[in-house]
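>>> Here is my input; please provide its structure:
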Amino acid sequence: MRLGVDPKHADQMVRGTVVLPNGLGKSKTVLVIASGDKLREAQEAGADFFGGEEVVNRIQQEGWTAFDAVIATPDMMRSVGRLGKVLGPRGLMPNPKTGTVTTDVAKAIQETKAGKVEFRVDKTGVIHAPVGKVSFAGPKLLENANTLIQAVVKAKPSAAKGKYVKSATLCSTMGPGVPLDVTGMNVKSA
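Sure, this is the predicted structure:
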């Protein structure tokens, strides 16, 4: 999606997360870094990997990154902060804004496994985000795309002036893009 914002200005940043109604067509492996009762809660909620200080040390010393998402509890962020150089460049660093630093570990795991997508405007004013697989039926892809578009419109910064959603294009990962008619998707560009 090409937006009419200037991301150089902090008050025009567009970022957020949205849970797609039909998921992404693949399951994510989730690591939970917590302590005490939250570890048991993570295990019961279906976390693939979980642990405390020992997991932080393993990532730091061995460079272990066999997971797609990291969820941490606020009390563990002091330890997790040391992993910034490993997790940051991969986009795996837990962040309260994206819901990956939370005390409600079970809900965060459920959302991540259900197909939570993170979106963020890049320096050229474009948002790239997945909405499904090519094998999905047309209505499922449209429903996911519509949900993403609505979330981006809802995240419109108050400082954005002029036309907010300039264009939207849907394409396979390495394929040619197909312009979407955003007006026909009930998008209220405020």
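>>> which one is residue 100 nearest to, not counting chain neighbours?
Nearest non-adjacent residue to residue 100, counting by C-beta to C-beta, 6 or more residues apart in numbering: residue 94, 4.1 Å away. The way it works is simple: take the backbone N, C-alpha and C, and place the C-beta from them, glycine included.
>>> Now do the same for the one you found: its pLDDT.
Looking at residue 94, its pLDDT stands at 88.
>>> can you check residue 186 too?
Listed pLDDT for residue 186 reads 51.
>>> other SSEs contacting the top helix by length along the chain?
Determined from DSSP state H, the single longest helix within the chain is helix 138-154. Helix 138-154 sits against strand 15-19, strand 116-120, strand 165-170, with contacts defined as 3 or more C-beta pairs under 8 Å, 6 or more residues apart in numbering; DSSP states H and E.
>>> Now do the buried residues in it.
Within helix 138-154, the residues that count as buried by 16 or more other C-beta atoms under 10 Å are 140-149, 151-153.
>>> Ok, stretch 84-97 next?
Within stretch 84-97, the residues that count as buried by 16+ other C-beta under 10 Å are 87, 92, 93, 94, 95.
>>> picking that back up, shouldn't the residue nearest to residue 100 be within a helix?
No. Going by DSSP: H, G, I helix; E, B strand; the rest coil, the assignment for residue 94 is coil, not a helix.
>>> Enumerate every residue touching it.
33, 70, 71, 72, 77, 80, 87, 100, 101 (C-beta atoms under 8 Å, 6 or more residues apart in numbering).
>>> how about a cut-off of 10 Å?
31-33, 69-74, 76-77, 80-81, 83, 87, 100-102, 108 (C-beta atoms under 10 Å, 6 or more residues apart in numbering).
>>> what stretches of this protein score poorly on pLDDT?
The model of the chain has pLDDT under 70 over residues 177, 180-190.
>>> Can you show me the strands along it?
With DSSP state E as the criterion, the chain has strands at 2-3, 15-19, 30-33, 49-51, 69-72, 116-120, 165-170, 178-180.
>>> right, so those strands: which one is the most enclosed?
strand 30-33 (a mean of 27; mean count of other C-beta atoms under 10 Å).
>>> CA-only coordinates of that strand in CSV, if you can.
What follows is strand 30-33, C-alpha atoms only, in CSV (Å, rounded to 0.1, in the frame of the first residue of the first chain):
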residue,chain,number,x,y,z
VAL,A,30,6.7,-19.2,19.1
LEU,A,31,9.4,-18.6,21.8
VAL,A,32,8.2,-17.3,25.2
ILE,A,33,10.7,-15.8,27.6
